[in-house]
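>>> fold the stuff below for me.
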Amino acid sequence: VKARKDDLDRDHPVVVDVRPYGGEDDEYTQVQVEDSVYVEIDGKPMRLVYNIKYLHCEFRARNSSMNEVSAASVPAFTVPPKLHQAASGPV
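Here you go, the predicted model:
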């Protein structure tokens with residue numbers, strides 16, 4: 001039985017990296033699979049990512065062995081995460 005219905009239990013051959021806008025290649029960090037959701041838009045599979053630590057960033061996709069890397073995406077703006085308070089929930 002899968003822990004997640006969208007099959008996030010298996011290893012993915014493609015991962016997504018993020019860096020601050022205008023950053024260097026060594027500033028990329030991997031977006032954890034737990035910080036994404038699988039969706040299909042117009043019949044095409046996509047991953048929506050969240051909990052990104054940069055408000056202005058660039059993404060790239062690569063295979064997990066790092067021998068095929070895509071170019072950086074166009075710069076994107078993100079929405080800051082909601083702050084949570086233990087007693088009252090999201091602010």
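>>> Ala71: neighbour count?
Ala71 has 7 neighbouring residues, counting by other Cβ atoms under 10 Å. C-betas here are computed from N, CA, C, even on glycine.
>>> scratch that, Asn63 is what I was asking about
13.
>>> pretty sure it is touching Val14, no?
Yes - the criterion here is Cβ atoms under 8 Å, and Asn63 meets it with Val14 at 5.8 Å.
>>> list the contacts for Asp17?
By Cβ atoms under 8 Å, 6 or more residues apart in numbering, the residues touching Asp17 are Tyr28, Thr29, Gln30, Val31, Phe59, Arg60, Ala61, Arg62.
>>> helix or strand: which one has it?
According to DSSP states H and E, Asp17 maps onto strand 14-20.
>>> tell me the buried residues in that strand?
Val15, Val16, Asp17, Val18, Arg19, Pro20 (16 or more other Cβ atoms under 10 Å).
>>> just stretch 24-37 next, same as before
Tyr28, Val31, Val33, Ser36.
>>> phi, psi of the third one?
What it means is Val33. Backbone geometry at Val33, expressed as degrees, to the nearest 10, gives phi -60, psi -30.
>>> excluding sequence neighbours, find me the nearest residue to Tyr21.
His56 (4.2 Å; Cβ to Cβ, 6 or more residues apart in numbering).
>>> specify the beta-bridge partners of that neighbour.
Counting by DSSP bridges, His56 forms beta bridges with Phe77.
>>> list the contacts for it?
Pro20, Tyr21, Pro75, Ala76, Phe77, Thr78.
>>> if we go to 7 Å?
Pro20, Tyr21, Pro75, Phe77 (Cβ atoms under 7 Å, 6 or more residues apart in numbering).
>>> just send those back as CSV, with distance to Ile41 and pLDDT too.
Formatted as CSV, these follow (distance: Cβ to Cβ, whole Å; pLDDT from 0 to 100):
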residue, distance to Ile41, pLDDT
Pro20, 26, 95
Tyr21, 24, 95
Pro75, 21, 92
Phe77, 19, 91
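>>> most neighbours, which of those residues?
That'd be Pro20 among the contacts of His56, by other Cβ under 10 Å, with 16 neighbours.
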